[in-house]
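> Sharing a sequence plus its predicted fold:
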Amino acid sequence: MSIEELKVFLDIATEAALAGGAELMSYWGNLKDIQEKGSPGNLVTEADKAAEEAIVKVLQRHLPDHGILTEESGELGDMKSRYLWAIDPLDGTTNFAHQYPFSASSVGLLIDGVPQVGAVFNPILDELFLAAKGLGATRNRQPISVSHTTTLEKSLVITGFAYDRRETTDNNYKEFCQMCHLAQGVRRSGSAALDLSSIACGRADGYWERGLSPWDVTAGIVVLEEAGGQVTAYNNSPFDLKSGRILATNGKIHDLMSQALVETPPLAYWDNTNRLN
């Protein structure tokens, strides 16, 4: 894949993310149809659907032969194509429904299964994160890079919880307790795409989460890696997009976070002692 081809794809991703964001803003503070799908708290609104339609329209106009994987509509187009767009029209639906300004349209391109292009747009705060392999990462067209933090004690880290957390013991609670003790601070912001982008621009230093789908992270992974960050599985093995689990950092605290996640004590330990020995 040439740099020129990637630039074209990035321009298209940008157009699509901006189109999705414009639709989101037309519904900001004006939602009338908020529904749950599957697990309690897994919301979908008319804003999700309108933004997805706008994004898909852009992609299909420019690239009719590409496959598209969307959160709301599922598989569209040629899913056997080496080019697969993974899009989340509204990443952070719960935030959006409550008018908490941390939501985004996320448009990422996988080429032969590898994230190569990403556009993440938060229209509420007017922040646009863009990246393509070999082209670097930007926030509002200005270059960005990860932080220089080297210890967990001085790190701000981010996480999230899957929608089925009430129904499974594999719910991230014990890891959350572990990181609350080890890091300077832990945040849960509600948008994987923006979490990854926040690490890319140095606002935070690390991020882990489980229960994720390809549309949640594809674009953000490209933004982070092009800003100098690192992405793996919890145990530092290569990241598997199908696993739903991600560890993403500035690269400097990656081994420390990986070790902390792998060595997290059982939740009962936290219930009984509230501290690490």
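Yes, it's here. As the structure is a prediction and not an experimental result, all values here were calculated from the model.

> where along the stretch 51-200 of the chain do the helices fall?
Listed in chain order, the helices of the stretch 51-200 of the chain (DSSP state H, counting those that start in this stretch) span residues 93-97, 173-182, 192-200.

> Counting by contacts, list what the shortest one packs against.
If contacts are counted by 3 or more Cβ pairs under 8 Å, 6 or more residues apart in numbering; DSSP states H and E, helix 93-97 sits against strand 43-45, helix 46-62. C-betas here are computed from N, CA, C, even on glycine.

> Only alpha carbons, please: show stretch 68-81 as CSV.
Once side chains and other backbone atoms are set aside, the C-alpha atoms of stretch 68-81 remain, and they are given as CSV (Å, rounded to 0.1, in the frame of the first residue of the first chain):
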residue,chain,number,x,y,z
ILE,A,68,-18.0,-2.2,5.8
LEU,A,69,-18.5,-3.4,9.4
THR,A,70,-20.8,-1.2,11.4
GLU,A,71,-22.1,-1.4,15.0
GLU,A,72,-25.7,-0.9,14.1
SER,A,73,-26.1,-2.5,10.6
GLY,A,74,-23.5,-5.2,10.8
GLU,A,75,-21.8,-6.3,7.6
LEU,A,76,-22.3,-4.3,4.4
GLY,A,77,-20.7,-4.7,0.9
ASP,A,78,-18.0,-7.2,0.0
MET,A,79,-16.8,-8.7,3.3
LYS,A,80,-14.2,-10.7,1.4
SER,A,81,-12.4,-7.6,0.3
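
> Distance from the chain centre to it, please.
Here the centre of mass of C-alpha atoms in stretch 68-81, compared against the chain's by Cα atoms, centre = their mean, to the nearest Å, lies 18 Å away.

> I'd like the mean pLDDT over it, please.
In this model, stretch 68-81 has a mean pLDDT of 90.

> Which of the helices or strands spans residue 247?
Element membership of residue 247 [criterion: DSSP states H and E] is strand 246-249.

> right, so the helices of the stretch 51-200 of the chain: which one is the most enclosed?
When you average the neighbours per residue for each of the helices of the stretch 51-200 of the chain (mean count of other Cβ atoms under 10 Å), helix 192-200 leads with a mean of 30.

> Heading C-terminal from that helix, find the next helix or strand.
Downstream of helix 192-200, the next assigned helix or strand under DSSP H and E is strand 206-209.

> what angle separates the helix or strand that that following strand is followed by from helix 192-200?
The first helix or strand that comes after strand 206-209 along the chain, using DSSP H and E, is helix 214-226. Calculated by axes from the mean of the first three to the mean of the last three Cα atoms, to 10 degrees, helix 214-226 forms an angle of 10 degrees with helix 192-200.

> if we can go back for a sec, in terms of secondary structure, what does the strand holding residue 247 contact?
Helices and strands in packing contact with strand 246-249 are listed as helix 192-200, strand 206-209, helix 214-226, strand 230-232, helix 254-262; criterion 3+ Cβ pairs under 8 Å, 6+ apart.

> Off-centre distance for the shortest one?
What it means is strand 230-232. Between the centre of strand 230-232 and the centre of its chain there are 13 Å (Cα atoms, centre = their mean).

> Give me the residues contacting that strand.
By Cβ atoms under 8 Å, 6 or more residues apart in numbering, the list of residues contacting strand 230-232 from outside reads 221, 224-225, 238-239, 246-251, 254, 258.

> Ok, which of the helices and strands packed on strand 246-249 comes nearest residue 2?
For residue 2, the closest of these is helix 214-226, at 16.6 Å, according to Cβ to Cβ.

> How far off centre is the closest one?
Here the centre of mass of C-alpha atoms in helix 214-226, compared against the chain's by Cα atoms, centre = their mean, lies 6 Å away.

> Please tell me how far the closest residue to residue 269 other than its chain neighbours sits from residue 36.
In space, and not counting its chain neighbours, residue 269 is closest to residue 174: 7.9 Å by Cβ to Cβ, 6 or more residues apart in numbering. Using Cβ to Cβ, to the nearest Å, one obtains 27 Å as the distance from residue 174 to residue 36.
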